[in-house]
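1. The sequence isn't on hand, but the structure is:
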């Protein structure tokens, strides 16, 4: 499991289980549970690049980030430092 501590959103962290470049499981700790469960079901089994493409730069209210955007940031860091790509 890989944990990313979020910044500027209601969820406190994101736990991810990634195999290769595929997201197998994701758990948002805190945040709007119904929306985050929906996101979880939509993205599990998808590639890191697909998720980044869809979720990067999505704002929430008057913030410059959101839980989906934070997930994209987490996956970009994972890809850079763990997958070395």
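-> Perfect, thanks for sending it. Note that this is a predicted model, so its numbers are computed, not measured. Residues are numbered from 1 along each chain as shown.

2. Could you pull up the residues touching the closest residue in space to residue 83 that isn't next to it in sequence?
-> Using Cβ to Cβ, 6 or more residues apart in numbering and skipping residues adjacent in sequence, the residue nearest residue 83 is residue 21, 6.8 Å away. Bear in mind the C-beta positions are built from the backbone N, C-alpha and C, glycine included. Each residue near residue 21 by Cβ atoms under 8 Å, 6 or more residues apart in numbering is listed here: 47-49, 79, 83.

3. Kindly recompute the last result at 10 Å.
-> Contacts for residue 21 were tallied using Cβ atoms under 10 Å, 6 or more residues apart in numbering; they are 46-50, 75, 78-79, 83, 85.

4. need these in JSON lines with distance to residue 4, pLDDT and secondary structure, can you?
-> Below are these laid out as JSON lines (distance: Cβ to Cβ, whole Å; pLDDT from 0 to 100; DSSP: H, G, I helix; E, B strand; the rest coil):
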{"residue": "46", "distance to residue 4": "17", "pLDDT": "97", "secondary structure": "coil"}
{"residue": "47", "distance to residue 4": "18", "pLDDT": "97", "secondary structure": "strand"}
{"residue": "48", "distance to residue 4": "13", "pLDDT": "97", "secondary structure": "helix"}
{"residue": "49", "distance to residue 4": "17", "pLDDT": "97", "secondary structure": "helix"}
{"residue": "50", "distance to residue 4": "18", "pLDDT": "97", "secondary structure": "helix"}
{"residue": "75", "distance to residue 4": "9", "pLDDT": "97", "secondary structure": "helix"}
{"residue": "78", "distance to residue 4": "8", "pLDDT": "95", "secondary structure": "helix"}
{"residue": "79", "distance to residue 4": "12", "pLDDT": "94", "secondary structure": "helix"}
{"residue": "83", "distance to residue 4": "15", "pLDDT": "89", "secondary structure": "coil"}
{"residue": "85", "distance to residue 4": "17", "pLDDT": "67", "secondary structure": "coil"}
